[in-house]
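*Asks:* Predicted model, plus sequence, below.
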Amino acid sequence: MPKLKTKKSVKKRMKLTKNGKIKRYKAGRRHLMAEKSGKRKRKLRKSGLVAKSQVKLMTRLLSPGS
């Protein structure tokens, strides 16, 4: 079998935390910010965690190089 490669697009967008969880940036911050409320924009600033259903997939995409 060939070597597994890290999916570079995923590596640029996600980070592994010390406890092994996968941290991600929240969607919806690129444009149309004037229409969004301050509360919504503040919540978008913080990073989030990958959903349980996606963890297995993201781990596989990140694993060889991280």
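*Replies:* That came through, no problem.

*Asks:* Quick check: mean pLDDT of stretch 42-57?
*Replies:* The average pLDDT for stretch 42-57 rounds to 94.

*Asks:* got the buried residues for that stretch?
*Replies:* 44, 50 (16 or more other C-beta atoms under 10 Å). Yep, even glycine has a C-beta here, placed from its N, CA and C like the rest.

*Asks:* Contacts for it next, please.
*Replies:* Under the criterion C-beta atoms under 8 Å, 6 or more residues apart in numbering, residues 14, 21, 22, 23, 24, 25, 26, 28, 29, 36, 58 lie in contact with stretch 42-57.

*Asks:* Go again with 10 Å.
*Replies:* Stretch 42-57 is contacted by residues 10, 14-15, 17, 20-29, 33, 36-37, 58-59, 61 when judged by C-beta atoms under 10 Å, 6 or more residues apart in numbering.

*Asks:* okay, how far is it across that stretch, tip to tip?
*Replies:* Chord length of stretch 42-57, first to last residue, is 29 Å (C-alpha to C-alpha, to the nearest Å).

*Asks:* how far does that stretch sit from the chain's center?
*Replies:* 6 Å (C-alpha atoms, centre = their mean, to the nearest Å).

*Asks:* cool, and stretch 24-35?
*Replies:* Distance, stretch centre to chain centre, for stretch 24-35: 14 Å (C-alpha atoms, centre = their mean).

*Asks:* Can you give the contact residues for it?
*Replies:* Contacts for stretch 24-35 (C-beta under 10 Å, 6+ apart): 10, 13-15, 36, 40-41, 43-51, 54, 58.

*Asks:* Phi first, then psi, for residue 24.
*Replies:* Per-residue torsions, residue 24: phi -140, psi 160 (degrees, to the nearest 10).
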